[in-house]
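1. Sequence and predicted structure below; questions after.
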Amino acid sequence: MQLLNYKSKSFLQTIPNWDPINYRDENICISEFMYGLVAQSCLCPGFSTLMINLISTRSYIPGINENFDWKSDYAYGCDHEIYTVMISSDFNGMTFPEAAEICYKQLNLLMIAVENFDNSGLAINPLPDQFTIRKECLGYFIASSYKDVCRARFYCASV
């Protein structure tokens, strides 16, 4: 559920069948999100720009701004978004760094997080001893299209 004002959160408990624990109901407060981005940008300059570029949709057209290297690189980066896909069962039993390395080197994908459906939740760049990929795992990727991300779904280690 999207909220405009943080004060509205107190009314969520009165909504029939609102259950954030069992049904994973979630809410996003726009003002809290905005202030959180500003705060993170104070700690890490450019963070808000990166996040806004990842959650917005833009198209990269090669050849424009070729005279300005940084503009071309920036436009190419703006073309990327965050996508999720159920990853191949061939990743089963791997640690996150092992799977991320295969995705990067063999599939040309940037895996940033994974989520097992056993109530362990979302793990963003977990350490090897903190997370093991299991069957029916959801992968989070930064890529330019969903078609690119589907390579992780159909990955076959034996090839």
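-> Yes, it's here. Just so you know, these numbers come straight off a predicted model, no measurement behind them.
2. before we move on, which element is G139 in?
-> Assessed by DSSP states H and E, G139 sits inside strand 138-143.
3. Show me what that strand is packed up against.
-> strand 81-86, helix 96-105, strand 110-116, helix 146-153 (3 or more C-beta pairs under 8 Å, 6 or more residues apart in numbering; DSSP states H and E). For the C-beta atoms, the positions are set from N, CA and C on the backbone; glycine is no exception.
4. just the strands in the chain please.
-> All strands of the chain, identified by DSSP state E, fall at 2-3, 28-29, 81-86, 110-116, 121-124, 138-143.
5. Same list (those strands) but as TSV, adding mean pLDDT.
-> Shown next, in TSV, are these (pLDDT from 0 to 100):
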stretch	mean pLDDT
strand 2-3	68
strand 28-29	76
strand 81-86	90
strand 110-116	90
strand 121-124	81
strand 138-143	92
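6. So which of those is nearest I52?
-> strand 81-86 (11.4 Å; C-beta to C-beta).
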